[in-house]
Structure formats: C-alpha cells, structure tokens
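# Give me a 3D structure for the following:
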Amino acid sequence: MPDSQDPSTAPSVALIGFGEAGSTFADAGGWESAAKAWDVDPSRKAVMEACGVIAAANAADALQHADIILSLVTADQAVPAAEEYAPLMPKGAFWCDMNSVAPDTKRKAAKAVNAAGGRYLDVAVMAPVDPARLNVPLLFAGEGALDAMMLMRELGFAKTRVVGDAIGQASAIKLCRSIMVKGLEALSAEMVLAASSAGVLDEVLASLDASEKHISWRERADYNLDRMLLHGRRRSAEMAESRDMIRHLGITPRMTENTVDWQQGLGELGIAPLPEGLEAKLAAIKAAPQFKGDI
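Down below sits the predicted model:
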C-alpha cells in the first residue's frame, strides 16, 4: 500500500536510475501520473510500470515537466548523468543527487546542473532504503535545500533534515559515517575468516560477546557478510569515494583503501543464493574459485 499523499497533490517527479532505491521509493510513493522514470537499462521498464510510475521513452521525456528530479544512479555515473541530463530539465527544477559519492564529486555534478539553469541539491540517504522506504532518513545541503526538502515531504518522505547550504555537507556526513559502518563490515569479514581458518572462531566470537551485548558477534558477522556478498560492488564504489575524500583531507586512507578491496572482492564472488548462517557463508567464500586466502 502506498505510503504517500494523494498523487494529484504531489509535485511532478522524475527518477533517473531505477535500481533498488528508485523502485523502492516509487512502489512506496503511489505517485502514479505525477512520476516518470528513466533508466539506461530497458529491462527495467516493466519494473517501473509494476511500481506505478510512467516508463519514459527517453531521458528528455522523463525530465520535461519535472518539478523535482531524483538522481539514483550508480556512484560512478553521478557526474555523467548530471552532465548529460541537466540540459534537458526545466529551468529552476530541483536536481536531488541522492548518490553515495564524495563532496568533490557532488560539486562537479552541481556545476553541470546549475550551469543548465537547474537547482542542485546534495542529498544523503542515511540508511538502507529497504525496509525504511519513504521513512529513510534524508539529509539535504545546498542553496534552496529547505524548498527542495518540503517538496520531498509532499512526495511522502517523512524523515528529512537540512544540514547546510553548501554542496558536499550532506555527503560528507554520509561518507564519514560510512567509513565506520562499511569499515566494520570489512574488519569483521577479515576477522571471522582468519579465526575460522585458525580453528578458534567460537572462542574469538565469545570474547567479543563478553565485551558487547547489543547483538551477538555471530549475528553481526553473519549480517555483515550478507551485506557484502549481496551489495559489495556497490558499497566498494561508495568507499572509493570515501577514500578519495580522506586523501583530499590530507589523511592516508589505509583502512578505507582495504575496505574498498574487501567490499569489491566479496561482492564479485557471485555467491547466490546466499547460504544461511555464518559457517555456511564462510565455507562458500573459501570454496569460491576466486578466493585464495585474499580477495
């Protein structure tokens, strides 16, 4: 059941990119004729229609009447999408860049959008879109952030906050947090693989449980491997942006560099369907032809 308001009162929205985030938002929004979507992958048109949005014939069709555009492409396409599509958007429309990229990357995209007469917003998605859907926390930064945020609320997004008027502020919050979140995932993968190979997995996990009781480390390690095996390639792209940001700040990104490699490597193993339970996942990783004690 849609989460948002009556679509007849909603702003006209265009979704550029229709992967997990785009399809989740559209399915939750109930925007119907108020929304068009465009993706370079033609196979996603059927998903668009199933989610209740109009599958645009091309990017120009998606953008021509939009009040607000949600850019939901992959990290490496955030700037190319802005450069290619910004000239097609209505003057004064909002381009909400919701991609997980570095502040400098967002500033490059903003330059293209603003030069074309659009209004660029740095938007950080601060939690997984599934199961949060339109309740996912969003941070906004840039000139006109409050106006864009209010339009997003009209679309049904419930947890929104402006964090500044400078492009890059929202993405810096997101990526600095990601250094910890994704870094812990990578550390747990390295730890449980080493402990399992040494035959001391249960003792190591028990010692960690003794110092932290929110959830067991077995559950946490299993969950982290689940995330990396399913989404490691996308997360690696995000962490590459974090690495570049850290370098720009004059800090050597030792842990983050390795996090990029672990996320990418585990994501590329292609283990599907995922085994249930920690030991089963560890066994599947070790049995993968690409795994040689390293990724």
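# Strands of the stretch 1-150 of the chain, start to end?
13-16, 35-38, 54-55, 68-71, 94-97, 119-125, 138-141 (DSSP state E, counting those that start in this stretch).
# Mind putting those strands into CSV with mean neighbour count, distance to Gly199 and mean pLDDT?
For glycine as for every other residue, the C-beta is placed from the backbone atoms N, C-alpha and C. Shown next, in CSV, are the strands of the stretch 1-150 of the chain (neighbours: other Cβ atoms under 10 Å; distance: least, Cβ to Cβ, whole Å; pLDDT from 0 to 100):
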stretch, mean neighbour count, distance to Gly199, mean pLDDT
strand 13-16, 28, 50, 97
strand 35-38, 27, 51, 96
strand 54-55, 19, 54, 96
strand 68-71, 26, 48, 98
strand 94-97, 28, 48, 98
strand 119-125, 26, 41, 98
strand 138-141, 23, 45, 98
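# Could you find the closest non-adjacent residue to the most centrally placed residue in the chain?
Geometric centre of the chain, nearest residue: Ser100, 5.3 Å, by Cα atoms, centre = their mean. Among residues not flanking Ser100 along the chain, Glu238 sits closest, at 4.1 Å (Cβ to Cβ, 6 or more residues apart in numbering).
# Hmm, the one you found is touching Ser178, no?
Yes: using Cβ atoms under 8 Å, Glu238 makes contact with Ser178 at a distance of 6.1 Å.
# Now the common contact residues for these two.
Ser100 (Cβ atoms under 8 Å, 6 or more residues apart in numbering).
# pLDDT below threshold where in the stretch 151-295 of the chain?
213, 295 (pLDDT under 70).
# That one: helices as residue ranges?
169-198, 201-211, 217-248, 254-267, 278-287 (DSSP state H, counting those that start in this stretch).
# Send over the shortest one as CSV, restricted to the C-alpha atoms.
By that I understand helix 278-287. C-alpha atoms of helix 278-287 as CSV (Å, rounded to 0.1, in the frame of the first residue of the first chain):
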residue,chain,number,x,y,z
LEU,A,278,27.8,-17.7,9.4
GLU,A,279,29.7,-21.0,8.9
ALA,A,280,27.9,-21.7,5.7
LYS,A,281,28.8,-18.3,4.3
LEU,A,282,32.4,-18.8,5.4
ALA,A,283,32.5,-22.2,3.7
ALA,A,284,31.1,-20.7,0.5
ILE,A,285,33.6,-17.9,0.4
LYS,A,286,36.5,-20.3,0.9
ALA,A,287,35.2,-22.6,-1.8
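# what does that helix rub up against?
By Cβ under 8 Å, 6+ apart, helix 278-287 touches 192-193, 196-197, 201, 218, 221-222, 225-226, 229, 266, 269, 271, 274-275, 291.
# which among the residues you listed end up buried?
192-193, 196, 201, 218, 221-222, 225-226, 229, 266, 269, 271, 275 (16 or more other Cβ atoms under 10 Å).
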